[in-house]
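**Q** only geometry, no sequence info:
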């Protein structure tokens, strides 16, 4: 019913930048919070940053001052601008969205397929 498609990952040198995008499509009444998570090999998935439909944001301490989350509600799209990348930022990045498909349905979490970000030293 709802698909999240991520783009923008890749290989970058330390200190470089990447911009991730995630577009939601399908049967959508309203999208509440959208966010980015990441999972490095051998580690648990962790929240990177999230943004509400009203624009309030929160982010992990490890990315504060380097990563910026934003969204375009008209396009059902969330972005993650990543600057000053470090090797420890290497992970698969997943998009997440809390979506109500109709006015009477409760919110459900949806996930993208993930996009690899690799930062070389």
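**A** Now that the structure is in, tell me what you want to look at. Worth saying up front: this structure is predicted, and the values here are computed from it rather than measured. Numbers count the residues shown, from 1 in each chain.

**Q** The chain: strands as residue ranges?
**A** Assigned by DSSP state E, the chain shows strands spanning 2-7, 10-13, 18-26, 30-39, 46-51, 57-59, 67-72, 77-82, 91-100, 108-111, 115-120.

**Q** which strands and helices sit next to the first one?
**A** Under the contact definition 3 or more CB pairs under 8 Å, 6 or more residues apart in numbering; DSSP states H and E, strand 2-7 sits against strand 18-26, strand 91-100, strand 108-111. For every residue, glycine as well, the C-beta is placed using N, CA and C.

**Q** Sheet partners, orientation included, of that strand?
**A** strand 18-26 (antiparallel) (DSSP bridges).

**Q** which other residues reach the strand it pairs with?
**A** 1-10, 12, 31, 34, 36, 75-82, 85, 93, 95, 97, 99, 101, 110, 112, 115, 117 (CB atoms under 8 Å, 6 or more residues apart in numbering).

**Q** Next: stretch 101-116.
**A** Residues from elsewhere that reach stretch 101-116 (CB under 8 Å, 6+ apart): 1-10, 20, 22, 24, 26-29, 32, 39, 92-100.

**Q** Narrow those to those that are buried.
**A** Neighbour counting by 16 or more other CB atoms under 10 Å classes 2, 4, 6, 8-9, 20, 22, 24, 28, 92-100 among the contacts of stretch 101-116 as buried.

**Q** for this structure, which residue is closest to the average position?
**A** Nearest to the mean C-alpha position of the chain, by CA atoms, centre = their mean, lies residue 36 at 2.6 Å.

**Q** Quick one, grab the pLDDT at that residue.
**A** Here, the pLDDT recorded for residue 36 equals 98.

**Q** mind checking pLDDT for the residue nearest to it when sequence neighbours are not counted?
**A** Distance criterion CB to CB, 6 or more residues apart in numbering; nearest residue to residue 36, sequence neighbours excluded, is residue 48 at 4.4 Å. Confidence at residue 48, expressed as pLDDT, is 98.
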